[in-house]
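[1] no sequence on hand, only this structure:
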């Protein structure tokens, strides 16, 4: 029994695996662990039920967005934006940190022709695929309950992809700075307040001006504005600003992250 | 096709310094080594922990850039053409880095995808390699259910998925039980028979004697000796070694009494080694001096003694 075929083997040209191979790897894993993805889809729906419906019964309509809209309509797009953010960030921080440290997954991948850049891009790609799945299912469900204005609301899907890209890249950059699992506490320290402040549950004008300025700097705020504009069919200048903000954030974070990963993974 | 004179790995003045360039606190792991590995041979790098073996392997694997010197592999420059070289290498790292989230077969499939191989080719190859590494029955199992020896074999199967010309093995049998080691050696020997060039590091002498045609001994980042196992033994040791053990309280006195009885004497923490051309004669001389060892053993000199002679230390320190 030999490992190598005897005689002259048919020459099979080797080419480096592309970034897409990382998505194939993740799809293979999710064939075993698909309940994780289901949980990720249900999380924003539980929030919508608790806050949108529960709090919505107490507060009635939300003023100040042109036409008066119901509280569930106000909260739903914010929860979708947050789900897109969390899905992407979890993928490139929590999941990636394990692969970088304990599992040494990337170490073995990088002994193949794969480059650090393809690995990084591949993981961001995968975060996008996940984000697209979560956003689509969420949109279908809220549309059934009449909370989204179709067909304009279909713009939610590309919006979720852009949010996923920006936060996946930001997560990738963050993971290069982590020293231990304890540092995830620091990420939570940023993520949770951002989730609460970024006009998720209250419109911007409830805050005093200094707080408003702080909120307007947050990437999640722009994500929420983007999805909300698509959801409610309210355009205006916001989407353009949000698209530019998230694109630039994503591209810069990705470029810096790839350089830093190169130093970590090829010492 | 197998031209044994072709040099596949050519390292000259190869150096690895960790830390920022120009930083005085940088640590020199590999200090200007030269070696050549020819097609079809099994080449060993011997050394204690920290001697620079793994750093050397990482540079040859093109996962860690050389700080200085030249390193040409399969005719390519390791710095400029890393991806082209990696496409034709198989790497078995020191720690098993199997993808724990995938099954045994999936590990092989996805690893082949990193080389850009088609699913069709991979399905056929994964079956053949699982058979080669005796893992066919485990194909659909989770990696977590594998024993240490099986994990190692899976790592080797994975390293062969691209039908590499050179396979790098970093301490391939460390931590395995004797049975698992022998099975692994047998498989590696088979690979060699198939014409695959092997470059392996080890700190086990028996492993080096079993597998390596030629080897270098590394100490503190430098190559201190090079040759076939038999050459090294002939060059650096006498024919036999007399090993003596003493009761703890008597060690020092007994050791002093033995001085001058052999051409070379090494004091290890647990025993005394006397190098000699005739072990039995030396043992008689020891007894005539009134030395009463707890145990006395005469054996042939081995690579372990070469290492001890060259570095003054035991390999497993």
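    That came in fine, so what should we check first? The model shown is predicted, which means the values in this text are computed figures rather than measured ones. Residues are numbered from 1 along each chain as shown, chains lettered A, B, ... in the order given.
[2] show me where the chain has its strands.
    Just so you know, I chose chain A. Secondary structure of chain A by DSSP state E: the strands cover A:61-62, A:69-70.
[3] was after chain B, sorry
    Under DSSP E, chain B gives strands at B:7-18, B:27-38, B:42-46, B:68-73, B:76-77, B:89-92, B:166-170, B:197-202, B:214-219, B:222-227, B:240-245, B:264-267, B:272-276, B:295-300.
[4] the second one pairs with which strands, parallel or anti?
    The reference is to strand B:27-38. strand B:7-18 (antiparallel) (DSSP bridges).
[5] what's next to the strand it pairs with, contact-wise?
    For strand B:7-18, contacts defined as CB atoms under 8 Å, 6 or more residues apart in numbering or on different chains pick out A:267, B:26-39, B:43, B:52, B:55-56, B:58-60, B:64, B:66-74, B:165-166, B:197, B:199. C-beta here means a position set from N, CA and C on the backbone, and glycine is covered the same way.
[6] in PyMOL, select just the buried ones from those residues.
    Applied in PyMOL, the following selects the buried portion of these according to 16 or more other CB atoms under 10 Å in any protein chain shown:
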select buried, chain B and resi 28+29+30+31+32+33+35+37+38+39+43+52+55+56+58+59+60+64+66+67+69+71+72+73+74+165+166+197+199
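[7] what's the burial count for residue 161?
    No chain specified, so I'll use chain A. 18 (other CB atoms under 10 Å in any protein chain shown).
[8] my bad, the chain I had in mind was chain B
    25.
[9] try residue B:224
    Residue B:224, neighbours per other CB under 10 Å, totals 18.
[10] what are the ranges of the helices in the chain?
    All of this is about chain A. A:20-47, A:56-59, A:71-90, A:96-100, A:105-109, A:116-144, A:156-175, A:184-197, A:209-217, A:219-232, A:238-265 (DSSP state H).
[11] can you look at chain B instead?
    So, for chain B - with DSSP H - the helices run B:53-60, B:82-86, B:104-113, B:119-132, B:148-159, B:178-193, B:205-211, B:229-236, B:251-258, B:279-288, B:303-311.
[12] to residue A:189, which of those helices lies closest?
    For the helices of chain B, the distance to residue A:189 is smallest for helix B:104-113, at 35.6 Å, taking CB to CB.
[13] so what does the closest one touch, helix or strand wise?
    When contacts are defined as 3 or more CB pairs under 8 Å, 6 or more residues apart in numbering or on different chains; DSSP states H and E, helix B:104-113 packs onto helix A:20-47, helix B:119-132, helix B:148-159.
[14] of all these, which lies closest to residue B:190?
    Closest among the helices and strands packed on helix B:104-113, using CB to CB: helix B:119-132, at 7.9 Å.
[15] give the buried residues for that closest one.
    So helix B:119-132, judged by 16+ other CB under 10 Å, has buried residues B:122, B:125, B:126, B:128, B:129, B:130, B:132.
[16] mind checking which helix or strand of chain A has the lowest mean pLDDT?
    One helix or strand of chain A scores below all others by mean pLDDT, DSSP states H and E: strand A:61-62, with a mean of 78.
[17] and the gap between residue A:128 and residue A:26?
    11 Å (CB to CB, to the nearest Å).
[18] point me to the residue of the stretch 201-317 of chain B nearest chain A.
    Nearest to chain A in the stretch 201-317 of chain B, going by CB to the nearest CB, is residue B:201, at a distance of 15.1 Å.
[19] still on that earlier bit, could the helices of chain B go into a markdown table alongside mean pLDDT?
    What follows is the helices of chain B, written out as a markdown table (pLDDT from 0 to 100):
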| stretch | mean pLDDT |
| --- | --- |
| helix B:53-60 | 93 |
| helix B:82-86 | 92 |
| helix B:104-113 | 95 |
| helix B:119-132 | 94 |
| helix B:148-159 | 92 |
| helix B:178-193 | 89 |
| helix B:205-211 | 84 |
| helix B:229-236 | 88 |
| helix B:251-258 | 83 |
| helix B:279-288 | 88 |
| helix B:303-311 | 83 |
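[20] thought residue B:213 was touching residue B:41?
    Yes. Using CB atoms under 8 Å, residue B:213 makes contact with residue B:41 at a distance of 4.6 Å.
[21] before we move on, back to that, deepest of the helices and strands packed on helix B:104-113, which one?
    Among those, ranked by average contacts under mean count of other CB atoms under 10 Å in any protein chain shown, first place goes to helix B:148-159 (a mean of 23).
[22] got any ranges where chain A has weak pLDDT?
    For chain A, residues meeting the criterion pLDDT under 70 lie at A:1-17, A:63-67, A:234-238.
[23] roughly how far apart are the closest residue to residue B:106 other than its chain neighbours and residue A:254?
    Spatial nearest neighbour of residue B:106, chain neighbours left out: residue A:28 (5.5 Å); criterion: CB to CB, 6 or more residues apart in numbering or on different chains. In this view, residue A:28 and residue A:254 are 24 Å apart by CB to CB.
[24] so how far is residue A:250 from residue A:241?
    Distance from residue A:241 to residue A:250, by CB to CB: 15 Å.
[25] compare the two (neighbour count), which wins?
    Each of residue A:241 and residue A:250 has its neighbours counted (other CB under 10 Å); residue A:250 has more, 23 against 14.
[26] so that one sits right up against residue A:165, yeah?
    Yes. Judged on CB under 8 Å, residue A:250 makes contact with residue A:165 at a distance of 4.7 Å.
[27] export the strands of chain A as TSV, with columns for distance to residue B:146.
    Shown next, in TSV, are these (distance: least, CB to CB, whole Å):
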stretch	distance to residue B:146
strand A:61-62	56
strand A:69-70	55
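[28] so which of the ones you listed is the most surrounded?
    Of the strands of chain A, strand A:69-70 is the most buried (mean count of other CB under 10 Å), at a mean of 17.
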